[in-house]
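1. let's see this in three dimensions:
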Amino acid sequence: MTAAPEPAPDPPRASARLPISAVLITRDAARRLPEVLAAVASCAERLVLDSGSSDATVAIARAAGARVEHQDFLGYGPQKCRAVELAAHDWILSIDADEVLDEQARRALGTADLSDPAACYAFRRRTFIGDREIRHGPWSDDRVLRLFNRRTATFKPLPVHEEVAASRPPVLLPGSILHYSYAGVGDVLGRSLRYAPLKAAIMRRKGQRINPLTMPLRGLTAFVKSYVLRGGWRDGPAGFVVALSRVIDSTLPRAMILLDEPVAGDGRPPADHVADRSASSSPAMSAGSAAASASRSPEAG
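-> All right, here's what the predicted structure looks like:
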C-alpha cells in the first residue's frame, strides 16, 4: 500500500522570519519563480523588481506574498542596486529568478551571524543545462556572494556581470544554489553572443587595448583551460559547448572593438539582448577582496 504523501510544511510565521530582504530582478521569469520564492520563505521580505514582464511573473509573485515593484531595465548592476535600495531590511539576500536554494542552504540562512554589518556570506552554485548538472569545467567550483548588509556592501553599477563589493571576504555557508540558467546547449552559446556587446562596452569605456595578433591564442587558451585542464570533457557534449562559449566570451567582445562595431552604452544603437537573464557573477574568494568577480562565472569572458 502506497503511503500518503506528507503535507507541505506551513510557511514560517511572520514573527519567526529572518530580518532579511530577499531581492530579485525579473522579466518574464514565471517558469521557476514559484520554486525560487518558496525557497526563501523564511525571509521577512521577498521583493521582486520587475522590468515589464508579459507573462505571469507579477501575478505569481503577488500570489506568493512577495512585494512587487516596477523599474524599467537599467542594466544588470544598476537594476540590482535599485532593488537593494527599495528593500525594507539592511540584510540583503540577492537571488536570481532561475536560482533555487536547496534545503541545506535554506537552513544555513538561519545560522548566519547578522550581528556584524560588515559580514557577508556566499553559497556554492551548481549550474544546470536543462536538467543536467554541469559538474566539471569552469563552473565546477562556482561560489557566489549573495547575503550582505547594504550598509557595508552593494552591487557595482556594471551593465553585465554585476559584482558585489564588500569590505571583507565572504564566509561560505553550507548548501548550494541550484542554478537553472540554460534551457539547452544552444542557450549557452546564445547567451555568450548576446552578452558580447555589453562586455565590449565595458572594455571600451575602460580604454582597454586589444591586440589582434593575440586573439587566436586567447581563444585557444580559453578552450583548453575549460575543456582539458578543468576537465570539461567529463561532461560530454555539454562540456564541449561550455568550452566553446568561453572562446566566444574571450574573443568576440574584443573583435567588436577592433572592428569598431556598435556596442551597448557607447552612444550608438546597441545590439539586441535579453533584459533579465537571471545570472550573476561569482565572487573571488580571496583575502584581498570580497568583490564578486565575474571571471569564474558561467558567462564570464
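
2. got the buried residues for the longest strand along the chain?
-> For the chain, the strand with the greatest residue count under DSSP state E is strand 171-182. Within strand 171-182, the residues scored as buried using 16 or more other C-beta atoms under 10 Å are 173, 175-182. Bear in mind the C-beta positions are built from the backbone N, C-alpha and C, glycine included.

3. and the gap between residue 249 and residue 174?
-> According to C-beta to C-beta, to the nearest Å, residue 249 stands 31 Å off from residue 174.

4. sorry, slip of the keys, the one I care about is residue 66.
-> Following C-beta to C-beta, the distance that separates residue 66 from residue 174 is 25 Å.

5. ok, now which ones touch the residue lying closest to residue 218 once chain neighbours are set aside?
-> With C-beta to C-beta, 6 or more residues apart in numbering as the criterion, residue 218 has its nearest non-adjacent residue at 5.2 Å, and that residue is residue 250. Contacts here follow C-beta atoms under 8 Å, 6 or more residues apart in numbering; on that basis residue 250 touches 218-219, 221-222, 301.

6. residue 258: neighbour count?
-> Using other C-beta atoms under 10 Å, residue 258 is surrounded by 13 other residues.

7. residue 212 is in contact with that one, correct?
-> Yes - between residue 258 and residue 212 there is a contact at 5.6 Å, judged by C-beta atoms under 8 Å.

8. low-confidence regions, the stretch 201-301 of the chain specifically.
-> Along the stretch 201-301 of the chain, segments meeting pLDDT under 70 span 264-301.

9. helices along that one, start to end?
-> For the stretch 201-301 of the chain, the helices defined by DSSP state H, counting those that start in this stretch cover 215-224, 237-258.

10. right, so the ones you listed: which one is the most enclosed?
-> helix 237-258 (a mean of 21; mean count of other C-beta atoms under 10 Å).

11. format the helices of the stretch 201-301 of the chain as a markdown table; extra columns: distance to residue 154.
-> Formatted as a markdown table, the helices of the stretch 201-301 of the chain follow (distance: least, C-beta to C-beta, whole Å):
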| stretch | distance to residue 154 |
| --- | --- |
| helix 215-224 | 31 |
| helix 237-258 | 26 |
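
12. can you say which of the ones you listed is nearest to residue 27?
-> Of all the helices of the stretch 201-301 of the chain, helix 237-258 sits nearest to residue 27, with 22.3 Å by C-beta to C-beta.

13. that'll do, ta.
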